[in-house]
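1. 3D, please:
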Amino acid sequence: MGHWDPGHERLLYFFLGLVIAFVLIRISVRLIRAKVRWWPGNVTPGGMHIHHVVFGVVAMMLGGVIGLALPDDAGDWRLWSAALFGVGTALVLDEFALILHLRDVYWTHAGRLSVDAVFLAVGVTGLLLLGAKPLDYGLLPDFGLPPHVAGVLIALIDLGFAVVALLKGKIWTGLLGLLLPPLAEIGAMRLARPNSPWARWRYRPGSWEQTTAIRREARYRQPLILAKIRFQEFISGRHDLPEAETTAGNNHENASEKAVTGQ
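-> Numbering: from 1, shown residues only. Predicted coordinates:
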């Protein structure tokens, strides 16, 4: 890997495992949804559907434990354990919405949260690979303070900007701003989104801030969100299944399980 240190090499293998596993699992679930005859389909021993998040948890556990147990000089094996951890992370995050809602919302609008989680993980890992350092501006003066004190002060400043950006409803800006501090600073200084905690706390009904925030949401942010959704659905498939249909499917699956177990 050239001049890269072992930590960056492991991160690269994790990144590759994450991206490749996400692409492959999305191809698989889209083939299953399309009911392609030659594709194996879901894993359903005894009629119970085992979601791929289960395999992801196992892969993460194996990859993490193997990586911790191996000696420092077991370079190649530690790289492959990082890749296995990345595969497990992709499988878990791809069903993040299921974990959050505790029901199968994979193809509903709520299921888009899983795709957002994967994209965020890919973005953060990619920035780390490119040399981004969490909570570090890198170009600010040290204010005449000892290096460790200046570093803590700069980190707290960046963290404060990121928290404000998150409270203003700018999730991507706030989280990625932990690695690229100017992003968090921009997000913290701009108007909050209309339904964000910051807007509810600080913008009076009918005020200039609330009116401008609503107008900007409709004019600029909504088209960007639609473009992001189209791009995500080009990769992951359309999340357009009605919530009621999913709930009914869950009830049917639970009834089937009770019939099999004799409950």
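
2. quickly note the distance from the residue nearest to P197 when sequence neighbours are not counted to M61.
-> Spatial nearest neighbour of P197, chain neighbours left out: L167 (5.1 Å); criterion: Cβ to Cβ, 6 or more residues apart in numbering. All C-beta atoms are positioned from the backbone trio N, CA, C, and that covers glycine. From L167 across to M61, the span is 34 Å (Cβ to Cβ, to the nearest Å).

3. looking at these two, which one has more neighbours?
-> Under the criterion of other Cβ atoms under 10 Å, the comparison of L167 against M61 puts L167 first, with 19 against 13.

4. what residues are up against that one?
-> Residues near L167 by Cβ atoms under 8 Å, 6 or more residues apart in numbering: 192, 196-198.

5. same question for R202.
-> 192, 209.

6. how far away is it from E217?
-> Distance, R202 to E217, using Cβ to Cβ: 16 Å.

7. all helices for the stretch 51-200 of the chain, in order.
-> For the stretch 51-200 of the chain, applying DSSP state H, counting those that start in this stretch gives helices covering 52-69, 75-93, 96-101, 112-129, 147-167, 171-176, 181-189, 197-202.

8. buried set for stretch 158-171?
-> Going by neighbour count (16 or more other Cβ atoms under 10 Å), the buried part of stretch 158-171 is 158-159, 161-162, 164-170.

9. SS state for I50?
-> coil (DSSP: H, G, I helix; E, B strand; the rest coil).

10. number of residues surrounding it?
-> Per other Cβ under 10 Å, the neighbour tally for I50 reads 12.

11. not counting its neighbours along the chain, what's nearest it?
-> V43 (4.6 Å).

12. nearest to L224, out of the helices of the stretch 51-200 of the chain?
-> Within those, the stretch nearest L224 is helix 171-176; the backing value is 10.5 Å (Cβ to Cβ).
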